[in-house]
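Visitor: just need the structure, nothing else, for what follows:
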Amino acid sequence: MKTTDDIGFAKVDTDRLQRRGMPEVVFSPGKTTPQILGIMQSLIKAGQNVYATRATLKQYNELKNDLPELVFHETANAITMDITPLPEPSGLVTVVCAGTSDLPVAEEAALTAERLGAKVERVYDAGVAGLHRIIPHIELLRKSRAVIVVAGMEGALPSVVGGLIDRPIIAVPTSIGYGVSHNGMTALMAMLSSCVPGISVVNIDNGFGAGVSAAMINRTVNS
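Guide: All right, here's what the predicted structure looks like:
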């Protein structure tokens, strides 16, 4: 059985949908537009949906000349094209975002979880500088099957949320902050050092990885 499509510069994993429940995703940085197009066309040929992360508007404008049905998700910096229907939304994943500057990472996480079949709710601009902003959403968080918490600066928000709910938390440090934040290293270390049990941490700015993890938790509860 053929599991890859060798297009020269890439071997597209066309078996990933069957093996992992999601097709291969295109990480756009470092790739030329023709390379991204070639991978997209390989996925389309295999009857699989297209999802490109960390894409730019320039890349989208160049790609849509060949694939006019592509959709650009501006805040998430992502490109999609659906060949087959997405899964019916089920369960509940909530994405909590500390500040407006963290929105691109939060939206990447939310879009990813949605594309993998999770019903997603968003709680945005709820950072620790105004703790009262998270309180009205506690019941929503407690009903969620998984909660993604996105924060930069000192990265304290996942610990705050983790002390209030009994749900799995996936913490996402972002590269937002002043000099001592070291492009997200401070937030990453703070999240890894949290005294709240049950918090898992993904890499800096890795909204995609958080979205996949939350969707898999959500899917497992469904099974």
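Visitor: packing partners for the longest helix along the chain?
Guide: The longest helix of the chain (DSSP state H) is helix 207-222. Packing partners of helix 207-222 (3 or more Cβ pairs under 8 Å, 6 or more residues apart in numbering; DSSP states H and E): strand 90-97, helix 103-115, strand 118-123, strand 146-151, strand 169-173. The C-beta positions use only the backbone N, C-alpha and C, and glycine is treated the same way.
Visitor: buried residues of stretch 208-223, list them for me.
Guide: The neighbour-count check on stretch 208-223 (16 or more other Cβ atoms under 10 Å) flags 208-219 as buried.
Visitor: could I get those as TSV with distance to residue 75 and pLDDT?
Guide: Putting the buried residues of stretch 208-223 into TSV (distance: Cβ to Cβ, whole Å; pLDDT from 0 to 100) gives the following:
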residue	distance to residue 75	pLDDT
208	14	96
209	18	96
210	16	97
211	14	97
212	19	96
213	21	95
214	18	96
215	19	95
216	23	93
217	24	95
218	22	94
219	25	88
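Visitor: so how many other residues sit close to residue 76?
Guide: For residue 76, the count of nearby residues is 24 (other Cβ atoms under 10 Å).
Visitor: do the one 10 residues further on as well
Guide: Neighbourhood size, residue 86 [other Cβ under 10 Å]: 12.
Visitor: and the closest residue to residue 3 other than its chain neighbours, what pLDDT?
Guide: Nearest in space to residue 3, with sequence neighbours left out and distances taken as Cβ to Cβ, 6 or more residues apart in numbering, is residue 15 at 3.7 Å. pLDDT for residue 15: 82.
Visitor: what count of nearby residues applies to residue 15?
Guide: Neighbourhood size, residue 15 [other Cβ under 10 Å]: 16.
Visitor: gap between it and residue 200?
Guide: The gap separating residue 15 from residue 200 is 27 Å, by Cβ to Cβ, to the nearest Å.
Visitor: this protein: strands as residue ranges?
Guide: Ranges of strands in the chain, per DSSP state E, are 4-6, 11-13, 26-27, 50-53, 71-73, 78-81, 90-97, 118-123, 146-151, 169-173, 199-201.
Visitor: to residue 57, which of the helices and strands packed on helix 207-222 lies closest?
Guide: Among those, helix 103-115 comes nearest to residue 57, with 12.9 Å by Cβ to Cβ.
Visitor: distance from the closest one to the middle of the chain?
Guide: Put simply, helix 103-115 sits 4 Å off its chain's centre (Cα atoms, centre = their mean, to the nearest Å).
Visitor: give me the contacts around it.
Guide: 22, 49, 51, 53, 73, 75-78, 80, 86, 89, 93, 95-97, 120, 122, 124, 148, 150, 172, 174, 205-208, 210-212, 214-215, 218 (Cβ atoms under 8 Å, 6 or more residues apart in numbering).
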